[in-house]
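S.K.: coords below, sequence missing:
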């Protein structure tokens, strides 16, 4: 109750401030006059009575102030006073204010930008309800050297029946040719178990999704489409539900449209950009037939991933016992649950944490710099502070006023940072690589704003504390006596400033080492021998429809498609500038991200006949290897004789030979392949394929990994639906895509042509995520270095101006100007070296933490560490050179006269 | 008359509560009433009276309203609230206990130790 009445009293007095003041005046006036009247009654003359009444009352103003304080008015009052005063002070030195606000704006703006990125990717990566329940289910066969080896349908049914999941769904990705629009176009589709949308927990924008209980075998002809496809191909038709669309010449009925921003939680950009979903039920009783499907599930509510995993382990153990023929002991079949969040974020977590750390360091360095500026100003203002204290200001008030000033600066900086961020949002968004996994739209939401605000306040307190503490300890007498000139107080201040500069240098070194290591990794990857030659090569994709009814497929058989492929090649060679041409399946495009893995069955290997590893597979025409400059190591490449009439042959890479025929001759060995990506002609091959050649490893799968086992089939023998045309020569990159389109459509006008790219660009693009984090960390490091240079410049300048008198005496006594310069430079150097030494320790820790982001360079790379240290110290010397020259040019006469 | 005693730290609040408990008073009246009851043996700093009044009102132990003084002038009158009454009781009880204890100590003779 008292709290409430206190609050009411405070509110009343604060709101009705002027009334309270006049009442207080009236009350005190009444008191004094009443007292004076009593004195008059005792016989004093009226004037004397008034005088005595006033004197005996004591300081009226002090009493009033104490009354106000008793009512709790003063806090707000003095805060407003402080803010007003601070604004006046800041306005009076616009240069300082601008630099401080800009520094903070930079720090807060960059921190907020990176944080919003982290917020959308790391913190809230999955735009589905209860995302913590969603897991990806991966089957491993460590005995056969295979991870994520695909799932068999009986296993899938076991998972559905288990008490672990609410829903388990299978997914398979493919692409289809959407016709009927002005240009035939390709779209990414996904065959999913009917429970897919129920599992993700997302409702459609229009219409409905699939019935989770639907058991219809095979594909249903009902599809759900994305908001993007609805807008692009159907002009946002509000009556879309029930309309049909033609994909690969098949008619599908649209039953629903998903809301904007809905994405499949896929592993690749392609998967996440799925535009059409079709319900699909698989049926197979073969337990050892692993299909290259993705399995995703939603755990029962309240079940942790660890608990689910242990239940799953028990299930797997009992299944292995139950079906010993299907699960030979040496394949060591296990099933692994990976939180979907992990799976989406996975490899970028480290990069993003690094970015966040880097930006936090920049913010701290910015704060330190502003603290330094404030300290410099504090020494100039010590006179003012001393006078204010002598006039009766409590030192507590002064400290509070200084903190108000720095908080005001940081908040202004924070606001400026956010404004800059908002203005530059478009530009910044374009910098983010598309391959960065994000299902959420980046936004500057309330969380992000709150973080920015908190960061601003923290920054204000951090950089305001040092100068404020100093003001609190101001020695009044000595400051006033020496009239603001350097004194004991300023030695301590110089010490604080030195510590700040050393901190700045240490932090900058950490950032620069991180940037240096990333730069070297990037450079190593950039310079890595590719194993293929991307110069002057262009790839263009096209897509042959594969309707559900094989009779309507004009490219249905190898013979039919081989005719088309030969014609395509013949016409491709006639295009302007083309010297060489080849065809391949889509997975043969170097650094193409979509996987196309097939189960590998090697003849005569019993242990692997049941549970098989997966290899990357694709099909190419004989010209492919020569066009890309990949040499043959053993045996032969394909030739024109390896056609639809000849026995199946394969070329494998060195990595595959090493993995499966270590110490043996792989030539002449025979194998079979399971199905690859669905619906694109990557069917299972039941007849034996003979290995005829081994090629050198090329980094066509990943720049960082040279040894991905790969197998190539002859395109004329195993015809794919997703084709790539490769052209080498003196190509006009802007004209050729249209020429290829015209050429392809002159053969068949229904075919979509897309995805034209120079291979060089593909190589660069595959580095874009690394490049992104490297660029940002490098930009931060440069900023940090500049700030540190500014900091050391400020401190050394200050020391020089403090010591002008002393330098004058030295010069007058015959010191050489070179000596003076050396003294100043030595001071700067010692600061920089101290900072570098501390920074090296920090950098070693950080570089080990970021080891996973490095390629080809060790976290302790001496070249980077030495180079960065030298760079840092050189910049420090350069920054000190200007004040050092000023010191050297001190005129002893002038310096002494001013004493 | 002896030299008036300085007020003990923290007792002014209690005295003010007691003074206004006897009937509504304006600030000057509080001063006069305390001097009158104490027979001028206590010295109260006039300047410290008002901050104390404001503090007590802020804490909700007394409340004020404007009224007419004896010589028909506007004056602000303070009155004890229910919470103030309880406060006065506990303060008085505490004070009495304290006074007893201290008096007991001061009256102690060597024989009693």
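M.R.: Perfect, I can see it now. Source: prediction; values computed, not measured. Residues are numbered from 1 along each chain as shown, chains lettered A, B, ... in the order given.
S.K.: CA atoms for contacts and neighbours, from now on please.
M.R.: OK.
S.K.: and residue 104, how many neighbours?
M.R.: This is for chain A. Applying other CA atoms under 10 Å in any protein chain shown, we find 32 other residues in the vicinity of residue A:104.
S.K.: can you look at chain B instead?
M.R.: 10.
S.K.: again with residue A:564
M.R.: 16.
S.K.: got a list of what it touches?
M.R.: Residue A:564 makes contact with no residue under the criterion CA atoms under 8 Å, 6 or more residues apart in numbering or on different chains.
S.K.: the closest residue to chain A within chain B: how many residues sit nearby?
M.R.: Proximity of chain B to chain A (CA to the nearest CA) peaks at residue B:51, 4.3 Å away. Look at residue B:51: counted by other CA under 10 Å, it has 21 neighbours.
S.K.: which one is it nearest to, not counting chain neighbours?
M.R.: Computed as CA to CA, 6 or more residues apart in numbering or on different chains, the closest residue to residue B:51 that is not its neighbour in sequence is residue A:67, at 4.3 Å.
S.K.: can you check residue A:151 too?
M.R.: Nearest non-adjacent residue to residue A:151 (CA to CA, 6+ apart): residue A:290, at 4.8 Å.
S.K.: pretty sure the one you found contacts residue A:149?
M.R.: Yes - if you go by CA atoms under 8 Å, residue A:290 and residue A:149 touch, sitting 7.1 Å apart.
S.K.: how close does residue A:261 sit to residue A:204?
M.R.: To residue A:204, residue A:261 is 12 Å away according to CA to CA, to the nearest Å.
S.K.: who's more crowded, those two?
M.R.: Just comparing residue A:261 and residue A:204: by other CA under 10 Å the higher neighbour count belongs to residue A:204, 20 against 13.
S.K.: and that one, what does it touch?
M.R.: A:256-259.
S.K.: how many residues are close by the residue lying closest to it once chain neighbours are set aside?
M.R.: Of all residues not flanking residue A:204 in the chain, residue A:258 sits nearest, at 4.4 Å (CA to CA, 6+ apart). Using other CA under 10 Å, residue A:258 has 25 other residues around it.
S.K.: ok, residue A:258 to chain B distance?
M.R.: As judged by CA to the nearest CA, to the nearest Å, residue A:258 and chain B stand 61 Å apart.
S.K.: is that residue in contact with residue A:227, as I believe?
M.R.: Yes - counting by CA under 8 Å, residue A:258 does reach residue A:227; the two are 5.6 Å apart.
S.K.: next to chain A, which bits of chain B? Give me the list.
M.R.: Within chain B, the positions adjacent to chain A are B:27-28, B:45-48, B:50-52, B:54-55, B:58-60, B:74-76 by CA under 8 Å from any CA of the partner chain.
S.K.: wasn't residue A:617 part of a strand?
M.R.: Yes - according to DSSP: H, G, I helix; E, B strand; the rest coil, the state of residue A:617 is that of a strand.
S.K.: where's it relative to chain B, distance?
M.R.: 83 Å.
S.K.: so what's the closest residue to residue A:730 other than its chain neighbours up against?
M.R.: Nearest residue to residue A:730, sequence neighbours excluded (CA to CA, 6+ apart): residue A:577, at 4.8 Å. By CA under 8 Å, 6+ apart, the contact set of residue A:577 is A:729-732.
S.K.: ChimeraX command to pick out the buried ones of those residues?
M.R.: Provided next is the ChimeraX selection string for whichever of the contacts of residue A:577 are buried by 16 or more other CA atoms under 10 Å in any protein chain shown:
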select /A:729,731
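S.K.: would a markdown table of the contacts of residue A:577 with pLDDT and secondary structure be doable?
M.R.: As requested, those are exported to a markdown table (pLDDT from 0 to 100; DSSP: H, G, I helix; E, B strand; the rest coil):
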| residue | pLDDT | secondary structure |
| --- | --- | --- |
| A:729 | 92 | strand |
| A:730 | 91 | coil |
| A:731 | 87 | coil |
| A:732 | 86 | coil |
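S.K.: between the contacts of residue A:577, which sits nearest chain B?
M.R.: Taking CA to the nearest CA as the measure, residue A:732 is the one of the contacts of residue A:577 closest to chain B, at 85.4 Å.
S.K.: nearest spatial neighbour of that closest one, skipping sequence neighbours?
M.R.: Closest residue to residue A:732 apart from its sequence neighbours, by CA to CA, 6+ apart: residue A:577 at 7.6 Å.
S.K.: which residues in the stretch 701-850 of chain A form helices?
M.R.: Taking DSSP state H, counting those that start in this stretch as the criterion, the stretch 701-850 of chain A contains helices spanning A:736-747, A:759-766, A:768-802, A:804-812, A:817-849.
S.K.: in which helix or strand would I find the residue most central in space within chain B?
M.R.: Geometric centre of chain B, nearest residue: residue B:15, 0.9 Å, by CA atoms, centre = their mean. Element membership of residue B:15 [criterion: DSSP states H and E] is helix B:11-21.
S.K.: now residue A:189
M.R.: When elements are assigned from DSSP H and E, residue A:189 belongs to strand A:185-192.
S.K.: which residues does the helix or strand following that strand contact?
M.R.: Per DSSP H and E, strand A:185-192 leads on to helix A:196-200 as the next helix or strand towards the C-terminus. Outside helix A:196-200, the residues within contact range by CA under 8 Å, 6+ apart are A:128-129, A:134, A:166-169, A:203, A:209-210, A:212, A:297-298.
S.K.: over to residue A:670: give its phi and psi.
M.R.: The phi/psi pair for residue A:670 (degrees, to the nearest 10) reads phi -120, psi 150.
S.K.: and the longest helix for chain B?
M.R.: Longest helix of chain B, by residue count under DSSP state H: helix B:82-106.
S.K.: and for that one, what are the contacting residues?
M.R.: Applying CA under 8 Å, 6+ apart, the contact partners of helix B:82-106 are B:14, B:17-18, B:21, B:60-62.
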